[in-house]
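**Student:** Model the following, please.
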Amino acid sequence: MTYRDVASKQVLVWACTAVAARMPVAMTPLALVFLVRERPGGYTLGATLAAVYVLGEIIGAPVLGMRLDPARGRRHLVVGLAGGTVGFTGLGIFADSPAVVLGAFAFLAGAAPAAAAGGQRALLTSLVPERAVAQALSAESMLMSGVWAVSPVAVAGLALGVAPRVPLLLAAVCMASSVAGHWLLPAGWAKDGEGGEAGRVRTRVLIRAWPVYVTGAASITLLGLAELTLPALLEQRGIGVGWSGPLLAGMAVGAGLGAFLYGLRSWPGRLPTRSAVLISGMAAFVALVALIPGAAGIAIVLVLAGMLQSGALITRNLSLREALPPSALAAGYSVLYAAAGAGYAATGSLAGGLLQVVAPSTAVLAGVVLTLLLTALGWWGEARRDASRTAGDLRVGLGAGAEGAPIAGGRDPECRL
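**Tutor:** Modelled structure (predicted):
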């Protein structure tokens with residue numbers, strides 16, 4: 001169980017394809033702000049377009065994710081990524097169009113490829129041995145941490161140094177290249193005997209995993225809280241707002257390091273408990289951000305928070321694998337992605353409202369309390385589900401034992417008890 005189990009030519013192709021597909025996602029909110037910032041009311045319009053883009057992701061991820069066929073998932077992923085390419089191309093080429101036109105392209109760019117992250121994660125775990133799934137998810141988290149660290153710098157440099165539309169045109173090129181990359185990967189991620197079913201019962205199956213989505217949203221809520229309130233918090237502390245970029249980049253680096261460390265070994269404790277501990281620890285570090293007066297101290301606790309956050313996200317993905325059958329995993333990952341987007345959007349609304357009436361440090365602490373409540377709710381839901389499952393298994397086992405007593409000295413015909 002080492003990272004050597006993940007190293008293969010197909011995983012390398014997957015990594016290049018995933019980076020090309022998700023770099024646009026990381027670039028878009030900031031790129032939309034730069035695209036229209038010179039218009040009258042440009043910053044407000046940019047924030048609105050970014051919200052429309054995120055809304056497209058929130059709607060598209062579960063709706064399209066539930067239609068993914070494990071046996072022929074590539075077909076759905078390619079169509080979605082091609083639609084996203086059209087959306088980004090439209091934003092770049094028609095940058096001077098009315099806001100309604102830009103909003104339509106932004107929604108398409110968010111919604112069409114929204115199921116790609118879930119499908120690609122399911123595909124990745126099918127490319128590695130079962131014993132290396134945690135390492136594969138850790139490697140994915142490291143890769144995405146790098147994407148999120150690089151993308152804001154790339155957007156700002158291209159928008160200010162070349163032209164505001166260039167980041168969105170680059171996003172279109174990246175997404176188009178991810179379409180090509182999928183043709184070098186397997187057509188699906190189903191094992192023998194899986195896949196091919198429509199999602200007739202999948203909605204009910206997905207809903208049973210609701211505690212995982214709640215705690216997944218809780219971890220992203222903390223990330224959004226740190227990102228959206230940090231500039232105001234630094235200003236409150238008398239620290240230059242320009243430090244917010246390097247501080248958040250440090251948090252992303254911490255997330256990559258945390259993902260690497262998580263994959264080095266197996267960790268004790270049940271997954272729900274492990275997740276609750278990691279998110280609570282991250283909440284404690286984010287709370288310290290609101291209390292520490294100096295930039296150096298804030299930088300340290302943000303790096304530590306990032307390390308715990310990546311572990312929490314990996315744990316959520318592993319919990320989803322326990323809660324759902326293999327044929328529903330891609331859809332479950334997509335719903336988890338949508339829940340994370342909803343958590344981030346809710347954090348933005350909460351932070352924006354609180355910053356109007358309270359100090360930034362108070363807004364951060366209020367967000368931490370909300371995160372802990374969501375974490376407790378998710379942990380309770382998983383504990384209740386696991387207890388019900390154990391009781392059901394016990395009833396089945398006792399019933400089978402009673403029926404099988406006269407056969408082969410108390411065993412069932414297949415000798416499984």
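**Student:** from here on, contacts and neighbour counts on C-alpha atoms
**Tutor:** OK.
**Student:** Quickly list the domain ranges of this structure.
**Tutor:** The record's domain parsing of the chain by automatic domain parsing lists 8-188, 201-394.
**Student:** And Gly378, what's its pLDDT?
**Tutor:** Note on Gly378: pLDDT of 89.
**Student:** actually Leu45, not the one I typed
**Tutor:** Reading off the model, Leu45 has pLDDT 87.
**Student:** where's it, which helix or strand?
**Tutor:** helix 42-65 (DSSP states H and E).
**Student:** Tell me where the stretch 301-417 of the chain has helices.
**Tutor:** Taking DSSP state H, counting those that start in this stretch as the test, the helices found in the stretch 301-417 of the chain are 329-354, 360-404.
**Student:** any idea of the angle the shortest one forms with helix 42-65?
**Tutor:** This points to helix 329-354. Orientation check (axes from the mean of the first three to the mean of the last three CA atoms, to 10 degrees): helix 329-354 against helix 42-65 gives 150 degrees.
**Student:** What residues of helix 329-354 count as buried?
**Tutor:** By 16 or more other CA atoms under 10 Å, the buried positions in helix 329-354 come out as 329-348, 350-351, 354.
**Student:** Just the pLDDT for Glu227.
**Tutor:** Glu227 is assigned a pLDDT of 75 by the prediction.
**Student:** swap in Cys415?
**Tutor:** Looking at Cys415, its pLDDT reads 38.
**Student:** between the helices of the stretch 301-417 of the chain, which gets nearest to Pro152?
**Tutor:** Checking those against Pro152 by CA to CA gives helix 329-354 as the closest, at 17.3 Å.
**Student:** what does the average pLDDT come to for that closest one?
**Tutor:** 83.
**Student:** For it, which helices and strands make contact with it?
**Tutor:** If you count contacts as 3 or more CA pairs under 8 Å, 6 or more residues apart in numbering; DSSP states H and E, helix 329-354 packs onto helix 42-65, helix 116-126, helix 210-237, helix 295-323, helix 360-404.
**Student:** Worst mean pLDDT among the ones you listed?
**Tutor:** The bottom spot among the helices and strands packed on helix 329-354, by mean pLDDT, belongs to helix 360-404, with a mean of 74.
**Student:** I'd like the distance between the nearest residue to Ala20 once chain neighbours are set aside and Ala139.
**Tutor:** Closest residue in space to Ala20, ignoring its immediate chain neighbours: Cys174 at 4.8 Å, by CA to CA, 6 or more residues apart in numbering. Applying CA to CA, to the nearest Å, the value for Cys174 to Ala139 is 21 Å.
**Student:** Tell me how many other residues surround Ile93.
**Tutor:** 13 (other CA atoms under 10 Å).
**Student:** which outside residues touch stretch 18-30?
**Tutor:** 47, 49-50, 53, 81, 110, 116-117, 120, 143-144, 147-148, 151-152, 155, 167-168, 170-172, 174-175, 177-178 (CA atoms under 8 Å, 6 or more residues apart in numbering).
**Student:** Not counting its neighbours along the chain, what's nearest the residue most central in space within the chain?
**Tutor:** Centrality entry for the chain: nearest residue to the mean C-alpha point is Tyr337, 4.8 Å, by CA atoms, centre = their mean. Using CA to CA, 6+ apart and skipping the chain neighbours, the partner closest in space to Tyr337 is Ala61 (6.9 Å).
**Student:** what residues are up against that neighbour?
**Tutor:** 111, 113-115, 334-335, 337-338.
**Student:** Excluding chain neighbours, what is closest to Gly224?
**Tutor:** Tyr344 (5.3 Å).
**Student:** At which residues are the helices of the stretch 51-200 of the chain located?
**Tutor:** Counting by DSSP H, counting those that start in this stretch, the helices of the stretch 51-200 of the chain are 73-93, 99-111, 116-126, 133-161, 166-182.
**Student:** any chance of those helices in a markdown table, plus distance to Leu370?
**Tutor:** What follows is the helices of the stretch 51-200 of the chain, written out as a markdown table (distance: least, CA to CA, whole Å):
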| stretch | distance to Leu370 |
| --- | --- |
| helix 73-93 | 33 |
| helix 99-111 | 27 |
| helix 116-126 | 26 |
| helix 133-161 | 25 |
| helix 166-182 | 34 |
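**Student:** closest to Tyr262 out of these?
**Tutor:** Across these, the minimum distance to Tyr262, taken as CA to CA, is reached by helix 133-161, at 6.7 Å.
**Student:** Which neighbouring elements make contact with the closest one?
**Tutor:** With contacts taken as 3+ CA pairs under 8 Å, 6+ apart, helix 133-161 sits against helix 9-36, helix 116-126, helix 166-182, helix 244-262, helix 295-323.
**Student:** I'd like these written out as CSV, with mean neighbour count and distance to Leu288 added.
**Tutor:** Formatted as CSV, these follow (neighbours: other CA atoms under 10 Å; distance: least, CA to CA, whole Å):
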stretch, mean neighbour count, distance to Leu288
helix 9-36, 21, 27
helix 116-126, 23, 32
helix 166-182, 22, 35
helix 244-262, 23, 14
helix 295-323, 22, 7
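**Student:** Of all the ones you listed, which one is nearest Leu160?
**Tutor:** Nearest to Leu160, of all these, is helix 9-36, at 8.2 Å by CA to CA.
**Student:** So what's the model's average confidence on that closest one?
**Tutor:** Rounded mean pLDDT across helix 9-36 is 92.
**Student:** Low-confidence ranges, the stretch 101-250 of the chain, go.
**Tutor:** Along the stretch 101-250 of the chain, the model assigns pLDDT under 70 to residues 191-202.
**Student:** Please give the number of neighbouring residues around Glu38.
**Tutor:** 11.
**Student:** distance of it from Ser97?
**Tutor:** Per CA to CA, Glu38 is found 14 Å from Ser97.
**Student:** Having no further points to raise, I will conclude here.
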